[in-house]
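Engineer: Build me a model:
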Amino acid sequence: MKKILFVSLLMMMVLGAGARVKTLYSFKVKSLDGKAFNLSSLKGKKVLVVNTASKCGLTPQYATLQKLYDTYKDRNFVIIGFPANNFGGQEPGSNSEIKEFCTMNYGVTFPMMSKISVKGDDIHPLYKWLTSKSLNGVVDAEIQWNFQKFMIDEKGRLVGFAAPKEKPDSEKIISWIEGKKGN
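Structural biologist: Numbers count the residues shown, from 1 in each chain. This next block holds a predicted model:
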């Protein structure tokens, strides 16, 4: 009887732990236009999630992100930009101003979402998941600055991240997109 009880408790713990593990597909966000965007629509694609800002020394990364998107978008790859004003007030604009800035200055065509908070007390649930090992099962990855990049596999699981100053077309990111071993 004790053995059955122990096995039952163990099964409940294992099943309960599995139920807490989320993926990118567990989240819904809004586009810059305010439309609902269910991230589960990205199933089967590698996703690079990037927190962005329009008035940052790293803002020119938009051009490299767009080039990366143009190169790989037809190979089950997408970039999702999340404007955030968490660092030095470097994203003060409204969603419509951000959209205009990205389009006019960098020709951005990859999906851009509504401005959110990527750290602090008002952190968006997606970024809470991206930055907390207890939630993503992989790594604690506090957002260091604008343009931190998170790599998500085709099953919606976090596989790694790149620091803000690491270029979007770095060997690490390109190797991951292309599925090369050892990345």
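Engineer: Show me what the residue nearest to the spatial centre of the chain bridges to in the sheet.
Structural biologist: Centroid-nearest residue in the chain, with C-alpha atoms, centre = their mean: residue 49, separated by 2.7 Å. Taking DSSP bridges as the rule, residue 49 bridges to residue 80, residue 150.
Engineer: who are the neighbours in contact with it?
Structural biologist: For residue 49, the contacting residues are 24, 79, 80, 82, 126, 130, 149, 150, 152, by C-beta atoms under 8 Å, 6 or more residues apart in numbering. C-beta: built from backbone N, CA, C; applies to glycine.
Engineer: For the closest residue to residue 115 other than its chain neighbours, grab the count of nearby residues.
Structural biologist: Excluding the flanking residues, the one nearest residue 115 by C-beta to C-beta, 6 or more residues apart in numbering is residue 83, at 4.3 Å. Residues lying near residue 83 (other C-beta atoms under 10 Å) number 27.
Engineer: Where does residue 83 sit: helix, strand or coil?
Structural biologist: Under the three-state scheme (DSSP: H, G, I helix; E, B strand; the rest coil), residue 83 adopts strand.
Engineer: Over to the one 3 residues further on?
Structural biologist: The local conformation at residue 86, judged by three-state DSSP, is coil.
Engineer: where's it relative to residue 40, distance?
Structural biologist: From residue 86 across to residue 40, the span is 26 Å (C-beta to C-beta, to the nearest Å).
Engineer: Between these two, which has more neighbouring residues?
Structural biologist: Ranked by neighbour count (other C-beta under 10 Å), residue 86 and residue 40 place residue 86 first, with 20 against 13.
Engineer: pLDDT at the closest residue to residue 128 other than its chain neighbours, what is it?
Structural biologist: Using C-beta to C-beta, 6+ apart and skipping the chain neighbours, the partner closest in space to residue 128 is residue 135 (6.5 Å). If you check residue 135, the pLDDT there is 95.
Engineer: Please give the element, helix or strand, for residue 135.
Structural biologist: Taking DSSP states H and E as the criterion, residue 135 maps to helix 133-136.
Engineer: What helices and strands are in contact with that helix?
Structural biologist: In terms of contacts (3 or more C-beta pairs under 8 Å, 6 or more residues apart in numbering; DSSP states H and E), helix 133-136 is packed against helix 125-131.
Engineer: then the helix it packs on to PDB, C-alphas only?
Structural biologist: Provided in PDB are the C-alpha atoms of helix 125-131 (Å, rounded to 0.1, in the frame of the first residue of the first chain):
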ATOM      1  CA  PRO A 125       4.800  37.500 -18.900                       C
ATOM      2  CA  LEU A 126       6.600  36.500 -22.100                       C
ATOM      3  CA  TYR A 127       9.800  38.200 -20.900                       C
ATOM      4  CA  LYS A 128       9.300  36.700 -17.400                       C
ATOM      5  CA  TRP A 129       9.400  33.300 -19.100                       C
ATOM      6  CA  LEU A 130      12.400  34.200 -21.300                       C
ATOM      7  CA  THR A 131      14.500  35.400 -18.400                       C
END
